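A.B. asks: Okay, here's the prediction I keep looking at, along with the sequence it came from:
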Amino acid sequence: MEDLRKRGAVLCISALIFVAIVYQAASLWVAWHWERSSEQSEQIKGARLIPGNAEAWDRIGEAEEANFDAPPAGAIGILEHAVKANPLSPRNWMDLAQAYESSGDIVDANTAYQKAQQDDPISADVAWKYGNFLLRQGETTRGLEQVHRSLLTDPRLVPLAISRVWRSDPNVKAMLHEVLPEDEPSWFYALDFFSAQHQNDVAMEVWKDITNLAKTSPIDIHAVFPFLQDLITQDNAPEAQRVWKEAIAAARWPNTTEAAHSQVWNGGFEDPIADGGLDWRLEGAPGAYISIDPNIYHSGKKSLRVDFTGGFNVDFQGVHEIVPVEPSATYKFEYFMRTQDISTDSGLRFEILDLNGNEVSLMTPDLTGTKQWTLQQTEVVTGRNTHFLDVKLQRLPSRLFDNKLSGTVWIDDVSLTPEIAAGAKARP
């Protein structure tokens, strides 16, 4: 009898457990089904069916807030259920804060954001949204502090922060020294933002601070190129030239060029090619290979070398430099070229164009075959509106049947010299 009673008790307990499990499973299934209903009343029944289901309440509240036909109080009530179910969720508090703000309840919105930050004090998302809320309320100082806090944790927000903060508080010094992290990438984002807006005065202020930052560690010279390109596009030769020289110094870039009279930068190819800015720009082409040759040169220790494979009728424009010049001025352009087995009737030459107009357009004679170092010279007269020249090593496609270019060309000692300086230099 005793064994029968024990077995009966075990069976009863097992049955109760089974019923509880079935009930729980059924409740979960019903809740899952209701939560996915298109009817809000059923969604709410599903949320109530599972105690502590904060995520469900938050989802329903977000959907209600997105319904512009519904009064804000409805979303607030639902989102308050979410924070009661899980008061430690910063997301729930931020959603509630947004609902409060939409209804005009700024005090409770501020409190909700503070609760979110208490729950996750290092969250970049919380600091970012709280900071933007404070900026919308005109609390600039506190708002900028929160935005700064978010950027220290998540630098990916920097580009967005620059545009948001500038609209709220157009103070470039405050942006650089109170909002953005004081590092090179953040400040270059600011520089690119203002240069893209063509706000040159503000961009120059940012650039000045970047050069001060470079006193402790060199900058990446390639990061300056978008700013320089904007100055070139705006035809601002004096500022482009100044920024380029400051960038060379700030990057600790090798510089054996600046002391020369020539406007062409790195005309002897002795320094590394920056591939942008006011240095040479190299662009590959099928069948053409560009390199620096340390073994064959006219002067110094290096020259530019271009090898052609013979498989293409190359339209080559792969080496060029944007050169700042004075308008209505006369320059002497010269370079040395050496060729080896350059085939076809069309060889290498330089083309010089007015970058932003059509007041200058000329080509030097081309060289083919095999020739030792040959001096090529021409006079360049700039127009009244010429501020930049595009100095381009070029080969025009041949029109002959045997038109596939092969061989090697070397270039060295490229210079563009003002005639006054050239005359003074020539005097004994």
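C.D. replies: Thanks, I have it.
A.B. asks: domains for this structure, by residue range?
C.D. replies: Taking automatic domain parsing as the domain assignment, the ranges for the chain are 12-189, 190-253, 281-426.
A.B. asks: How far does the last one sit from its chain's centre?
C.D. replies: What that stands for is domain 281-426. 32 Å (C-alpha atoms, centre = their mean, to the nearest Å).
A.B. asks: would you list every one of the helices in the stretch 1-150 of the chain?
C.D. replies: With DSSP state H, counting those that start in this stretch as the criterion, the stretch 1-150 of the chain has helices at 2-35, 40-49, 54-66, 72-85, 90-103, 106-119, 124-136, 140-153.
A.B. asks: Lowest average confidence across the ones you listed, which one?
C.D. replies: Least confidently modelled of the helices of the stretch 1-150 of the chain is helix 40-49, at a mean of 44 by mean pLDDT.
A.B. asks: where does the residue nearest the centre of the chain land on pLDDT?
C.D. replies: For the chain, the residue sitting closest to the mean C-alpha position, by C-alpha atoms, centre = their mean, is residue 189 at 6.7 Å. On pLDDT, residue 189 comes in at 95.
A.B. asks: what about the helices in the stretch 151-300 of the chain?
C.D. replies: Ranges of helices within the stretch 151-300 of the chain are 158-168, 172-174, 184-196, 200-213, 225-233, 237-250, based on DSSP H, counting those that start in this stretch.
A.B. asks: what does the second one contact?
C.D. replies: In other words, helix 172-174. 144, 190, 194, 202, 205-206 (C-beta atoms under 8 Å, 6 or more residues apart in numbering). C-betas here are computed from N, CA, C, even on glycine.
A.B. asks: mind listing what's buried in it?
C.D. replies: residue 172 (16 or more other C-beta atoms under 10 Å).
A.B. asks: quick one: average confidence on it?
C.D. replies: Taken as a whole, helix 172-174 has a mean pLDDT of 91.
A.B. asks: circling back: roughly how far does the residue nearest to the centre of the chain sit from residue 240?
C.D. replies: Separation of residue 189 from residue 240 (C-beta to C-beta, to the nearest Å) stands at 21 Å.
A.B. asks: Also residue 183?
C.D. replies: Taken as C-beta to C-beta, the span from residue 183 to residue 240 is 25 Å.
A.B. asks: repeat for residue 113
C.D. replies: 45 Å.
A.B. asks: what's the answer for residue 225, then?
C.D. replies: 11 Å.
A.B. asks: more neighbours, the two?
C.D. replies: Between residue 225 and residue 240, residue 240 has the larger neighbour count (other C-beta atoms under 10 Å), namely 24 against 20.
A.B. asks: Leaving out chain neighbours, which residue sits closest to the more buried one?
C.D. replies: Sequence neighbours aside, residue 231 is the residue nearest to residue 240 in space, at 4.1 Å (criterion: C-beta to C-beta, 6 or more residues apart in numbering).
A.B. asks: can you check residue 178 too?
C.D. replies: Nearest residue to residue 178, sequence neighbours excluded (C-beta to C-beta, 6+ apart): residue 144, at 5.7 Å.
A.B. asks: wait, what's in contact with that neighbour?
C.D. replies: By C-beta under 8 Å, 6+ apart, the residues touching residue 144 are 131, 135, 165, 169, 174, 178-179.
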